[in-house]
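Asks: Return a 3D structure for these sequence lines:
(chains A and B)
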Amino acid sequence: MSTDRVRVVVTGLGATTPLGGDVASTWSALLAGRTGIRTINADWIDSVPVKFGAEAAVDPLDVLPRPEARRLDRAEQFALIAARQAWIDAGTPKVESDRLGVVVGSGIGGITTILAAYDTFKEKGWTRLSPFTVPMLMPNGAAGWIGIEFGATAGVHATVSACATGAESIGYGIEMIRTGRADVVVAGGTEAAIHPLNVGSFAAMRAMSTRNDEPERASRPFDKARDGFVLGEGSGIVVLESEEHALARGARIYAVAAGVGYSADAHHIAQPEPTGAGIMLAMRRALANADLAPEDIRHINAHATSTPAGDVVETVAVKEVIGTHPLVTATKSMTGHLLGGAGGIESVFTILALNERIVPPTVNLDDLDDGIEVDIVRGEPRELPQGQLAAINNSFGFGGHNVAVAFTTA
Amino acid sequence: MAMNEQDILAGLGKIVNEITGIPASEVSPEKSFVDDLDIDSLSMVEIAVAAQDEFGVEIPDDQLKHLKTVKDVISFIQN
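Replies: You can find the predicted model right below:
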């Protein structure tokens, strides 16, 4: 591996999640093992078989001024809130406009805008459509707004890879800095898809948990009784920066964004490939890209969505490529599944785990499923050792996308 | 019956504030929507549609582009 390559560090974190309206409240809830999953009180709930979800803890309409909020899709609202937090957390970096980039994607885009706008169109005609309908529904809208907010002219991108979107965005951001296109990149994912059409459509795939009588127990990755994922919403954003740029301005460095590995299953549009070959390839490539050995990896934030098909094969791949020594956790047990936002918030969690040397627990894991031989953090958080450590955030998406992002301690 | 200029101005101020967040007090007759109030063309469409509802007058697209100032809109609505 090249050793003179640009090192990329993480200098800012932002999030708005089902556990809290910012990083601090979300992280403390995670460490306490609290869940953000509860019954949904909506007028449409009787039309779908799933009666719960992980709604954002803080309504973006309570954060953003109304004139701003009305021209943003909810996914864009989450992303802008998280990006502003991350930017402030990074100390509002002074950076040349053409050295600043944005990579923020969404799995689905502005679907609630699309559906509401279509109702308006049918009932009242085209003249009553908001002139902001298109920028609200386009999946690159969040990236565009964030780019305008911070004056990022080095490039504004929106990767789309379903539930791997957030991680892929961060990977792309690392590459933008490494290849010399930018010194600072705002990167992450966002999603706002709690709508009856989405719930109904995921239910039609039989992908969602229907544990309606105990929603807080519904997301149970690795547990024998898991019966599907729980839909969540929110955004997680990081500020990536070349180490040189960060050191020059005396920035606080949370962790090193050491590398990324991508692969594709080329197997099935929605089902995981049963041997885990694609997941293994992504993790191997992340190790190579980050110049790390399997034994360096001490923690893995697993994709583990609580679906019967996916969770075990990921652990098989981890054991094969990394080993049984890392502390593995599935934070979706508390946040639900943020789809395109998942890789964003879970990268934030992976970075904080390294920075604070503590791994949040997987909750609801009562009865470990057969075939799982990795060390899963159950019930209570566990400490990571001192010294130089590395961790991986795994994210996979419908379409067969596999992304593994590697971080190391600063 | 032509509407009172002050009433139209007050109504426009409310609409502009609702859509853009600009204080209604800044919406005075001599102000240009684009140059003084920094309102973009998409927001102008929203303002025009809201004004049509509020004042019950149709503002065709070919007219909208000629309405540069607050005073222009007030006059259009009055006539």
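
Asks: mind listing what the residue in the stretch 201-350 of chain A that chain B sits nearest to touches?
Replies: Of all residues in the stretch 201-350 of chain A, the one sitting closest to chain B is A:Ser235 (22.6 Å; C-beta to the nearest C-beta). (C-beta placed from N, C-alpha, C; glycine too.) Neighbour list for A:Ser235: A:14-17, A:75, A:78-79, A:81-83, A:142, A:188-191, A:338, A:341, A:344-345 [criterion: C-beta atoms under 8 Å, 6 or more residues apart in numbering or on different chains].

Asks: Try it again at 6 Å.
Replies: Counting by C-beta atoms under 6 Å, 6 or more residues apart in numbering or on different chains, A:Ser235 touches A:Thr16, A:Phe78, A:Ala79, A:Ala82, A:Thr190, A:Gly341, A:Gly344.

Asks: Next, count neighbours for whichever residue of chain B sits closest to chain A.
Replies: As assessed by C-beta to the nearest C-beta, chain A sits closest to B:Gly21 within chain B, at 3.5 Å. Using other C-beta atoms under 10 Å in any protein chain shown, B:Gly21 has 12 neighbouring residues.

Asks: now swap in A:Gln388 and tell me
Replies: For A:Gln388, the neighbour count with other C-beta under 10 Å is 12.

Asks: Could you tell me how far it is located from A:Arg217?
Replies: A:Gln388 sits 38 Å away from A:Arg217, taking C-beta to C-beta, to the nearest Å as the criterion.

Asks: Correct me if wrong, but the residue of the stretch 201-350 of chain A closest to chain B is in a helix.
Replies: No. Secondary structure of A:Ser235 (DSSP: H, G, I helix; E, B strand; the rest coil): strand, not part of a helix.

Asks: Show only the entries of the contacts of A:Ser235 found in helices.
Replies: Of the contacts of A:Ser235, the ones assigned to helices by DSSP state H are A:Phe78, A:Ala79, A:Ala82, A:Gly344.

Asks: now those in CSV, with distance to A:Gly53?
Replies: Formatted as CSV, those follow (distance: C-beta to C-beta, whole Å):
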residue, distance to A:Gly53
A:Phe78, 15
A:Ala79, 19
A:Ala82, 19
A:Gly344, 18
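
Asks: Determine the three-state secondary structure at the closest residue to B:Val57 other than its chain neighbours.
Replies: Nearest non-adjacent residue to B:Val57, counting by C-beta to C-beta, 6 or more residues apart in numbering or on different chains: B:Ile77, 5.5 Å away. Per three-state DSSP, the secondary structure class of B:Ile77 is helix.

Asks: helices and strands of chain B: which one bottoms out on pLDDT?
Replies: Within chain B, judged by mean pLDDT, DSSP states H and E, the helix or strand with the poorest mean is helix B:61-64; its value is a mean of 90.

Asks: Can you verify my assumption that A:Gly105 contacts A:Ala158?
Replies: Yes. The pair A:Gly105 and A:Ala158 passes the contact test of C-beta atoms under 6 Å, sitting 4.5 Å apart.

Asks: Show me which of these two is the more surrounded one.
Replies: Neighbours of A:Gly105 and A:Ala158, each counted by other C-beta under 10 Å, are more numerous for A:Gly105; the result is 32 against 23.

Asks: what's next to the helix or strand where that one lies, contact-wise?
Replies: Per DSSP states H and E: A:Gly105 is located in strand A:100-106. Residues outside strand A:100-106 that contact it (C-beta under 6 Å, 6+ apart): A:75, A:79, A:139, A:142-143, A:146-147, A:152, A:154-160, A:165, A:169, A:172-173, A:176, A:182, A:184-191, A:340.

Asks: Counting neighbours, what do you get for A:Arg38?
Replies: With other C-beta under 10 Å as criterion, A:Arg38 counts 15.
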